[in-house]
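> Okay, structure incoming, though there's no sequence with it:
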């Protein structure tokens with residue numbers, strides 16, 4: 001699609017995300033979409049997607065620590081930035097918990113945005129394409145939005161028909177190849193590897209819960225928990241200390257590497273030294289080059305056949321690993 005946006009004065013001075021958002025809006029307009037689902041890039045109040053003055057519905061997931069250098073160092077501050085997407089007369093649904101929930105409701109009252117109750121759909125018997133217990137709540141929020149549209153929008157009603165299969169929708173639309181890096185499974189030379197883009201404390205908590213569930217599948221010889229081999233890399237501006245406290249336990253083996261360039265990445269040798277001091281019986285191997293680190297990680301995972309093998313800590317790291325393996329991997 002040819003775009004004239006590049007000729008608009010000041011367009012090139014915008015950030016990459018702002019330019020991409022503008023191009024997306026132009027594409028949506030040309031295609032005359034019935035619906036568009038916009039996810040904020042960072043925060044909400046000052047985000048490029050927030051130029052839409054009258055959305056039909058706003059959704060807010062739980063609020064956690066991330067991008068503190070821009071959004072604030074307290075959950076209440078971050079929640080206030082995210083609540084900036086709320087609009088007068090536009091209903092919202094949220095799965096946020098305290099203390100963020102009170103801030104969101106306070107902002108909603110100030111701008112005149114009505115809150116709709118969150119209906120906790122029973123998804124216990126439903127197989128989701130994305131793994132992890134936290135995905136059940138995310139799926140329920142999506143179903144709340146779908147239900148609202150069916151009840152309040154004629155265009156949405158025209159899409160709904162008797163052959164609509166909710167199980168098929170939730171399992172197929174959220175397949176790992178459509179949402180890479182969300183506890184994504186790869187099979188390399190017959191060895192299953194998990195990739196998860198957990199890059200903040202909340203993400204590490206969710207990954208830890210998921211690994212606890214997976215652990216039983218890999219346990220053998222009457223062990224209560226499976227051994228785990230990690231490939232980890234963090235950016236300097238992330239709270240990687242707390243993330244590791246959420247994830248690591250006695251007996252883990254960790255290969256540390258650089259997810260990005262040296263200026264952005266936490267030094268793997270410093271990470272290794274820190275873990276050796278703070279964690280008991282956690283073995284670490286620092287290797288700066290991601291390709292060499294990944295090769296060593298695969299060797300260790302192959303040697304420990306009954307272990308969980310996980311790549312995590314940064315979306316940059318996952319991107320690097322996927323680019324290394326795109327010709328060799330088999331999606332599970």
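Thanks, I have it. Not measured: the values here are computed from a predicted model.
> Need the per-residue pLDDT for the nearest residue to residue 83 once chain neighbours are set aside.
Computed as CB to CB, 6 or more residues apart in numbering, the closest residue to residue 83 that is not its neighbour in sequence is residue 107, at 3.8 Å. Placement of C-beta: from N, CA and C, glycine included. The score at residue 107 is 96. That number is its pLDDT.
> ditto for residue 256
97.
> how about residue 286, what does it touch?
With contact set as CB atoms under 8 Å, 6 or more residues apart in numbering, residue 286 has these partners: 255, 256, 257, 268, 269, 271, 272.
> for those residues, which one is nearest residue 317?
Residue 317 lies nearest to residue 257 out of the contacts of residue 286, by CB to CB, at 7.1 Å.
> Please, where are all the strands along the stretch 1-150 of the chain?
Here the stretch 1-150 of the chain has its strands, by DSSP state E, counting those that start in this stretch, at 58-60, 92-94.
> before we move on, the earlier item: highest neighbour count among the contacts of residue 286?
Compared across the contacts of residue 286, residue 257 has the highest neighbour count, 29 neighbours, by other CB atoms under 10 Å.
> So that residue sits against residue 288, correct?
Yes: Residue 257 lies in contact with residue 288 (CB atoms under 8 Å); the separation is 6.4 Å.
> intersection of neighbour lists for these two?
Joint contacts of residue 257 and residue 288 (CB under 8 Å, 6+ apart) are residue 268.
> re the thing from before, and the strands of the stretch 1-150 of the chain: which comes nearest residue 319?
That would be strand 58-60 among the strands of the stretch 1-150 of the chain, by CB to CB, at 26.4 Å.
> Can you name the residues in contact with the closest one?
82-83, 85-87, 90-96, 104, 113, 141, 144-145.
> Quick one: distance of it to the chain centre.
With CA atoms, centre = their mean, to the nearest Å as the basis, strand 58-60 stands 16 Å off its chain's centre.
> mind listing what's buried in stretch 298-309?
298, 300, 301, 304, 307, 308, 309 (16 or more other CB atoms under 10 Å).
> what's the closest non-adjacent residue to the fifth one?
Yep, that's residue 307 we're talking about. residue 227 (3.9 Å).
> how much space between that neighbour and residue 190?
18 Å (CB to CB, to the nearest Å).
> who has more neighbours, those two?
Neighbour count, other CB under 10 Å: between residue 227 and residue 190, residue 227 has more, with 19 against 7.
> which residues touch that one?
218, 251, 252, 253, 304, 306, 307, 308.
> what about the third one, neighbour count?
As a burial measure, residue 252 scores 21 neighbours (other CB under 10 Å).
> what do you get for residue 32?
Using other CB under 10 Å: residue 32 sits among 6 other residues.
> Could I get the full set of helices for the stretch 51-200 of the chain?
Ranges of helices within the stretch 51-200 of the chain are 68-71, 75-82, 100-111, 134-152, 154-159, 166-172, based on DSSP state H, counting those that start in this stretch.
> Nearest to residue 182, out of these?
Of all these, helix 134-152 comes closest under CB to CB, at 7.6 Å.
> ok, residue 79 - contacts?
Taking CB under 8 Å, 6+ apart, one finds 63, 96, 99, 100, 101, 103, 104 in contact with residue 79.
> Not counting residues beside it along the chain, what's closest to the first one?
Residue nearest to residue 63 in three dimensions, not counting chain neighbours: residue 100, with 3.7 Å by CB to CB, 6+ apart.
> pLDDT at that neighbour, what is it?
92.
> tell me, how many neighbours does residue 263 end up with?
Neighbour tally, residue 263, other CB under 10 Å: 6.
> how about the strands in the stretch 151-300 of the chain?
So, for the stretch 151-300 of the chain - with DSSP E, counting those that start in this stretch - the strands run 184-188, 191-196, 228-232, 253-256, 283-286.
> Make a markdown table out of those strands and add distance to residue 210.
As requested, the strands of the stretch 151-300 of the chain are exported to a markdown table (distance: least, CB to CB, whole Å):
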| stretch | distance to residue 210 |
| --- | --- |
| strand 184-188 | 12 |
| strand 191-196 | 8 |
| strand 228-232 | 12 |
| strand 253-256 | 18 |
| strand 283-286 | 22 |
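> weakest of these by average pLDDT?
Least confident of the strands of the stretch 151-300 of the chain, judged by mean pLDDT, is strand 184-188 with a mean of 85.
> and the angle from that strand to strand 191-196?
150 degrees (axes from the mean of the first three to the mean of the last three CA atoms, to 10 degrees).
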